[in-house]
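A.B. asks: Got a predicted model here, sequence first, then my questions.
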Amino acid sequence: MLRQKKIILGVCGSIAAYKAAHLTRLLIKAEAEVQVILTTSASAFITPLTLSTLSKRPVLTSFIKSDATGEWHNHVALGLWADALVIAPASANTLAKMANGYCDNLLSAVYLSARCPVFLVPAMDLDMYVHPAVTANLEKLKSYGNTLLAAGYGELASGLVGQGRMAEPEEIIDVLQQHFRATSIRVV
Ligand SMILES: Cc1cc2nc3c(=O)[nH]c(=O)nc-3n(C[C@H](O)[C@H](O)[C@H](O)COP(=O)(O)O)c2cc1C
């Protein structure tokens, strides 16, 4: 179902960014085309080298490709290219930006430009996840038609136990497969 599907994987600054490597691997195994976009903060958690190797294409981290030549990454073209935009892990910060139309990095610009379905996979500590500001942003994002994969319950990086764990890569793959299966069915 994911064969030749064009997936943009946005990765934010969260300890759960390590799961993006496994998710990329599963997407490539399913023969999807994967374009990874890292926020600046995400690059401190997982390297572009790891994700470019796994995705088999350069990872994008900013608008500007080369200061010397003025080349840049076209967020509009990326938004139109994608069959699905998956943001995993989605940080509280990026969710807040997306909910309110902020556009200060490549990932948020691609989000605003994208015409494809968007899948949000939050990861954060339990108190952050239930904070009214975060809850309100998630509700707002759902009201825009985005799909939310709720965080799971369990032990968190902080050592606390509660809801906030990023959904497992296998679950994300299942959701994408279900989505593309549903959209491939044509009523005649
Ligand atoms: C060790 C560490 C772990 C973090 N984990 C998370 C997290 O799981 N979820 C989250 O929303 N923010 C987390 N943060 C805070 C974000 O990295 C911070 O808000 C950052 O500005 C997010 O930037 P981005 O949204 O551009 O990726 C963490 C910060 C640190 C230092």
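C.D. replies: Cool, got the structure.
A.B. asks: who's in contact with the top helix by length along the chain?
C.D. replies: If you go by DSSP state H, the chain has its longest helix at helix 169-184. Here helix 169-184 makes contact (C-beta atoms under 8 Å, 6 or more residues apart in numbering) with 1-2, 5, 7, 19, 22-23, 26-27, 30, 83-84, 86, 88, 117, 119, 121, 147, 149. For every residue, glycine as well, the C-beta is placed using N, CA and C.
A.B. asks: Show me those that map onto strands.
C.D. replies: Judged by DSSP state E, strands contain the following of the contacts of helix 169-184: 7, 84, 86, 88, 119, 121, 147.
A.B. asks: bridging residues for the first one?
C.D. replies: Residue 7 has these beta-bridge partners by DSSP bridges: residue 34, residue 84.
A.B. asks: please begin residue numbering at 581 from this point
C.D. replies: Sure, I'll start counting at 581 from here, so that last one is residue 587.
A.B. asks: Show me where this protein has its helices.
C.D. replies: 598-609, 628-635, 655-661, 672-680, 686-693, 706-709, 712-723, 749-764.
A.B. asks: I'd like the ones you listed as TSV, with mean pLDDT and distance to residue 618 appended.
C.D. replies: Shown next, in TSV, are the helices of the chain (pLDDT from 0 to 100; distance: least, C-beta to C-beta, whole Å):
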stretch	mean pLDDT	distance to residue 618
helix 598-609	98	9
helix 628-635	98	6
helix 655-661	95	14
helix 672-680	98	11
helix 686-693	97	8
helix 706-709	96	21
helix 712-723	98	20
helix 749-764	95	17
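A.B. asks: Show me what from this structure comes close to the ligand.
C.D. replies: 592-596, 619, 621-622, 671-674, 703-704 (C-beta under 6 Å from any ligand atom).
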